[in-house]
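> predicted coordinates and the sequence they were generated for:
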Amino acid sequence: MFAFPILWASAFVWLRKRKFLRKYAPHPIPKPWDYVFGNGQSYWVIIELSGGRIIGGTYRKESFASSYPAEEQLYLQQLWEIGENDEFVRPLERSHGAIISAGEIKLIRLYQ
């Protein structure tokens with residue numbers, strides 16, 4: 001009674017990872033946003049907004065990304081000044097991060 005649901009879920013995950021089944025079964029994570037930000041990794045992030053403004057920051061333990069079905073929003077826990085060649089120069093003084101709506105985002109670049 002208890003083992004069967006665990007075995008069933010494990011079998012589904014194992015089958016879902018097989019190449020031959022990928023084209024027939026939907027991915028269990030509906031959006032790339034959820035896949036990337038749901039894996040628990042830390043990133044250096046450069047975000048290009050729709051208006052052309054560039055935001056740099058860190059996505060770490062205290063950061064947050066909303067997930068499906070909620071509207072995508074991203075909280076970066078600290079903002080950084082970005083140099084000409086996309087290098088992270090220094091943290092912005094007194095920065096406590098930023099909340100960014102996905103509707104404003106044109107591109108997100110992630111670095112480790």
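Alright, I've got the coordinates.
> mind listing what the residue most central in space within the chain touches?
Geometric centre of the chain, nearest residue: residue 37, 2.6 Å, by Cα atoms, centre = their mean. With contact set as Cβ atoms under 8 Å, 6 or more residues apart in numbering, residue 37 has these partners: 59, 65, 67, 74. C-betas here are computed from N, CA, C, even on glycine.
> redo that, cut-off 6 Å
Residues near residue 37 by Cβ atoms under 6 Å, 6 or more residues apart in numbering: residue 65.
> how near is it to residue 10?
25 Å (Cβ to Cβ, to the nearest Å).
> swap in residue 17?
Distance from residue 17 to residue 10, by Cβ to Cβ: 11 Å.
> helices and strands of this protein: which one has the lowest mean pLDDT?
helix 19-22 (a mean of 71; mean pLDDT, DSSP states H and E).
> so which bits of whichever helix or strand comes after that one are buried?
Per DSSP states H and E, the first helix or strand lying C-terminal to helix 19-22 is helix 32-37. Judged by neighbour count (16 or more other Cβ atoms under 10 Å), helix 32-37 contains these buried residues: 33, 34, 37.
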